[in-house]
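Here is the input, now give the coordinates:
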Amino acid sequence: MSVIEEGLIRRYYELLKPSGKAVIEAVKIYRLGHRDYIDSLHCTTALYHGVKWLTLDRKLMEFLKKHNCQRRNYNAR
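You can find the predicted model right below:
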């Protein structure tokens, strides 16, 4: 990664830390049967921070829909 790329990332991207609620929701999704906890945690962290989260994981998106999980900030691309 170049110095310029790193500078742009540091300027425009913010590290989001999962809240307790996001962790609990990710565990619930895991217990419902989606076995990729990290993807679930990324997804719920975005939800609780009110930011968009882009994913190519259609299985996760279908799983969330099937189980009526909150999807307002989840966007499959």
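
Please, where are all the strands along the chain?
53-55, 74-76 (DSSP state E).

lowest-confidence stretch among these?
Within the strands of the chain, confidence is poorest for strand 74-76, with a mean of 51 (mean pLDDT).

low-scoring stretches of the chain, by residue?
70-77 (pLDDT under 70).

And the helices in it, which stretches?
Along the chain, the stretches classed as helices by DSSP state H are 3-12, 20-32, 37-49, 58-66.

In CSV, could you pull the C-alpha coordinates for stretch 36-51?
The C-alpha trace of stretch 36-51 is given here as CSV (Å, rounded to 0.1, in the frame of the first residue of the first chain):
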residue,chain,number,x,y,z
ASP,A,36,-19.7,-17.1,10.2
TYR,A,37,-19.6,-15.1,13.4
ILE,A,38,-17.2,-12.5,12.1
ASP,A,39,-19.5,-11.6,9.2
SER,A,40,-22.4,-11.4,11.6
LEU,A,41,-20.4,-9.1,13.9
HIS,A,42,-19.4,-6.8,11.0
CYS,A,43,-23.0,-6.6,10.0
THR,A,44,-24.4,-5.9,13.5
THR,A,45,-21.7,-3.4,14.2
ALA,A,46,-22.6,-1.4,11.2
LEU,A,47,-26.3,-1.6,12.2
TYR,A,48,-25.6,-0.2,15.7
HIS,A,49,-23.3,2.5,14.4
GLY,A,50,-25.9,3.5,11.8
VAL,A,51,-23.6,3.1,8.8
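
in it, what counts as buried?
36, 39-48 (16 or more other CB atoms under 10 Å). The C-beta positions use only the backbone N, C-alpha and C, and glycine is treated the same way.

try stretch 49-62
Within stretch 49-62, the residues that count as buried by 16+ other CB under 10 Å are 53, 55, 57, 60-61.

Give me the distance between the two termini of that stretch.
Start-to-end span of stretch 49-62 (CA to CA, to the nearest Å) is 22 Å.

again with stretch 22-40
OK, stretch 22-40 end separation, CA to CA: 9 Å.

gap between it and the chain center?
Relative to its parent chain, stretch 22-40 has a centroid offset of 10 Å by CA atoms, centre = their mean, to the nearest Å.

next one: stretch 46-61
4 Å.
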